[in-house]
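> Provide a 3D model corresponding to the input given below.
(4 chains)
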Protein chains: 2
Amino acid sequence: MSSAQQTQKALLRVARDHFAARGYQGTSLAQISAELGITKQGLLHHFGSKERLYRAVLGQLNQDLLQLLFAAMDEAEDPEDQLERFFVALADFSQAEQSASALVIGALIDGPGQAIIAQDAPPPLQDFLEPLVALVQATARWQKAGFPAALSIAMKLLGATCLFPAVRSSLALRFGPAPLGQAEQQAGAHLRDLVRRMVLE
Amino acid sequence: MSSAQQTQKALLRVARDHFAARGYQGTSLAQISAELGITKQGLLHHFGSKERLYRAVLGQLNQDLLQLLFAAMDEAEDPEDQLERFFVALADFSQAEQSASALVIGALIDGPGQAIIAQDAPPPLQDFLEPLVALVQATARWQKAGFPAALSIAMKLLGATCLFPAVRSSLALRFGPAPLGQAEQQAGAHLRDLVRRMVLE
DNA sequence: TATGCAACTTACCACTTGGTAAGTTATCTC
DNA sequence: GAGATAACTTACCAAGTGGTAAGTTGCATA
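Numbers count the residues shown, from 1 in each chain, chains lettered A, B, ... in the order given. Below is the predicted model of the structure:
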């Protein structure tokens, strides 16, 4: 990997954490570049604008999610098992990369529609959402219910998976770090149970 | 009701919609006051600061959620039925008041921890979260699992309920308004099913 | 050694942000 | 009618925003 790609990856990593922790509007290029030890304009040199930087972060996230999804689809035969594996993998991923779930929620909430992302650009995470909904629709339980039903179910599963990791630090302040640690340990099993119950007849 | 209270309610309503649609950081006092037809300083006169205005909005939301929760608890005997009724009521409420679910997610994500809300102040929605978790813990399935498990389950149910309404407009742009309308119609039934499957043994 | 180019930096810029100070107007009570 | 108080307004302000322009540095290749 060239050193240019290395630096870009480092920039993206720091930018991703800032966007995840404070949202798009709450993140300033000055903050990111200060943490990187470069000037704001050095950051702009690589990505051109704040919006393009955000899109690059979401593009990376999109790839990560797609990789999790396809890996889960390779590991199992039935769509039901594939979904279960994917969401558990997503929960694990969100636990390891604290930023992921907050980014997912943020990208969905202020993805298109608001002025953050240009309307002609492809909506962020769309490449990931479409096969996910298709996978829900491939299950025996939901294949006759139509696309809107599959979309509704997919969003419920995604919400159940992503909210907890995204608000983890907030909950730790509310209920104490010890209960939160225990809750986090059990979250994976609970999620597996939830997905199975929603996907099996 | 005095006219002062009436105007304050109108201010809160408009502010709530802005905070819900664009988040705390993305909302400016100038935008809110422009929509209200008053000056930014007229708005500050009532609430003192942006943070206090936000806290007032979240306080109102907290009351609304508590009312839904207690109403559900009055309507049924078993904690399982109470939970089912509450989450369906919350979904209906989120459909009527488009801002509610986005506010819930926002309040949880950037509630305490970040610099938005002063750390000594009580965390927003805490009065609502505690009885909700307690209600989960009162069910036969989860009462032996301990508080952390109940917290994990409560957040999953909340995420499953709130994500879809919060990202509704974004999804409408992605998949078209017609499928979204159908998905919205079925979301209540899906949610009822999900809560029941997670709460019953 | 010369050329070119990516990777920056310094210096700005126009604009918006939340917030303060002081003054004005209307309303309500005594 | 007098006085107080709530409900504003106009006029600012310092700080921070994303972004542009122009220059500098260092390295790779011809």
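> and A:Cys66, what is it in contact with?
If you look again at residue A:66, you'll see it is Leu, not Cys. Going by C-beta atoms under 8 Å, 6 or more residues apart in numbering or on different chains, A:Leu66 touches A:Asp127, A:Phe128, A:Pro131. Just so you know, the C-beta spots here come from the backbone N, C-alpha and C atoms, and that holds for glycine as well.
> So for A:Phe19, what's the pLDDT?
At A:Phe19, the pLDDT value in this model is 96.
> actually A:Pro122, not the one I wrote
As predicted, A:Pro122 sits at a pLDDT of 88.
> re the thing from before, among the contacts of A:Leu66, which are in helices?
Counting by DSSP state H, the contacts of A:Leu66 place A:Asp127, A:Phe128, A:Pro131 in helices.
> Of all the residues in the one helix or strand A:Asn62 maps to, which ones are buried?
Secondary structure from DSSP states H and E places A:Asn62 in helix A:50-75. Residues A:50, A:53-62, A:64-65, A:68-69, A:72-73 are the ones in helix A:50-75 that count as buried (16 or more other C-beta atoms under 10 Å in any protein chain shown).
> what's the answer for stretch A:20-32, then?
Buried residues in stretch A:20-32, counting neighbours by 16+ other C-beta under 10 Å, are found at A:Ala20, A:Ala21, A:Arg22, A:Gly23, A:Tyr24, A:Gln25, A:Gly26, A:Thr27, A:Leu29, A:Ile32.
> With stretch A:181-196 instead?
Under 16+ other C-beta under 10 Å, the buried positions of stretch A:181-196 are A:Gln182, A:Ala183, A:Glu184, A:Gln186, A:Ala187, A:Gly188, A:His190, A:Leu191, A:Leu194, A:Val195.
> and of these, the nearest to DNA strand D?
Lowest distance from DNA strand D to these (C-beta to the nearest atom of the strand) belongs to A:Glu184, with 31.4 Å.
> where do the helices sit along chain A?
A:3-26, A:29-36, A:40-47, A:50-75, A:79-96, A:99-109, A:126-137, A:147-166, A:168-175, A:177-199.
> With chain B in mind, check whether the first one reaches it.
What that stands for is helix A:3-26. Yes: Helix A:3-26 lies within reach of chain B by C-beta under 8 Å from any C-beta of the partner chain, at A:Ala21, A:Arg22, A:Gly23, A:Tyr24, A:Gln25, A:Gly26.
> Just give me the closest of these to B:Ala10.
Taking C-beta to C-beta as the measure, B:Ala10 sits nearest to A:Gln25 out of the residues of helix A:3-26 next to chain B, at 25.0 Å.
> With that, I have no additional questions.
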